[in-house]
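1. Mind folding the following:
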Amino acid sequence: MILFVLSRALNIFDLRGSIAAFIVGFFVAVLGSLQWLILMIVFAAVSHVATISFMKQKKKISMQEGKEGERKTSNVVYAALIGLGIAIIHFIHPVQVPYFTLFAVSFAVIASDTFASEIGILDKKVFMITTFRRTTRGINGGISLVGQLAALLGSFIISITYSLLRHGNLDLLPIFAIGIMGFIGCQIDSVLGAAFENRGKLTKGEVNLLASLIAVIATGLIIIFYPGV
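-> Numbering: from 1, shown residues only. Prediction:
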């Protein structure tokens, strides 16, 4: 209910998107915990701030999300699907696996990508990630200095939130680890966008989903093979 009220009050999602956010939030809270839901709410809030920031400039180049920054059901589904999947696995198979860490990584990737896209669009000096040749703003796979810095900011907001929720303080190791994995996931998103989305092989949502999944799997493998890291 919190996500629904928040999303409608702040115009984060349209009506259907708000309903989807409520459903996802409910299951995340039940299958995961209140901490998981809080992290998801923080993600939604800061992503919306990035989305509505510099709206006048975005409208001038027709690069705004929706009419006033609101997002649709598909945005909710693709952003939260991996996290929801982790919550389901956590509920079904509650063993000593750092599920909340993987959950945080999934949202760090999406937050990183959102910040990169929404704030990086202001930078006119854009390069294609696969060739490093100059390209146009807003193209899939385009990266810029402003976008990369914004990507780090988005990812580390989530990792800091995770540390506060999980440890009750600013624990540098998880902050750095989750922040970097979120940023790496954003780069994977850009590569997939350049290679497949621009050719019509994948949609933006599918690219987000795959990038998040890859980062989560990579994090899981690191935890398995290097448990002391």
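2. in stretch 18-28, what counts as buried?
-> In terms of neighbour count (16 or more other CB atoms under 10 Å), stretch 18-28 has its buried residues at 18-25, 27-28. Heads up, the C-betas are built off the backbone N, CA and C, glycines and all.
3. Which stretches in this protein count as strands?
-> Secondary structure of the chain (DSSP state E): strands at 126-128, 134-135, 142-143.
4. any low-confidence regions in this protein?
-> Filtered on pLDDT under 70, the chain yields the residue ranges 1-4, 6-10, 65-70, 228-229.
5. try 80
-> Confidence mapping of the chain against pLDDT under 80 gives the ranges 1-15, 61-73, 95-96, 226-229.
6. I'd say E197 and K204 touch.
-> Yes - using CB atoms under 8 Å, E197 makes contact with K204 at a distance of 6.2 Å.
7. Name the residue in these two with the higher neighbour count.
-> Neighbours around E197 and K204, counted as other CB atoms under 10 Å, are more numerous at E197. The numbers are 21 against 16.
8. show me what contacts the more buried one?
-> Going by CB atoms under 8 Å, 6 or more residues apart in numbering, E197 touches 140-141, 203-204, 207.
9. V109 too?
-> Counting by CB under 8 Å, 6+ apart, V109 makes contact with 155, 181-182, 185-186, 188-189, 208, 211-212, 215-216.
10. Identify the residue nearest the residue nearest in space to the middle of the chain in space, chain neighbours excluded?
-> The residue lying closest to the centre of the chain (CA atoms, centre = their mean) is I110, at 1.3 Å. Taking CB to CB, 6 or more residues apart in numbering as the measure, I110 lies nearest to A79, with 4.8 Å between them; neighbours along the chain are not counted.
11. The one you found: neighbour count?
-> Other residues near A79 number 28, with proximity taken as other CB under 10 Å.
12. Return the most buried member of the strands of the chain.
-> Most buried of those by mean neighbour count (mean count of other CB atoms under 10 Å) is strand 142-143; its value is a mean of 24.
13. Need the contact partners of it.
-> In contact with strand 142-143 (CB under 8 Å, 6+ apart) are residues 116, 120, 126-129, 135-136, 187, 190.
14. May I ask which two of those are separated the most?
-> T136 and Q187 (19.4 Å; CB to CB).
15. Tell me which of the two has more neighbours.
-> Remark: of T136 and Q187, Q187 carries more neighbours, 19 against 9, as counted by other CB under 10 Å.
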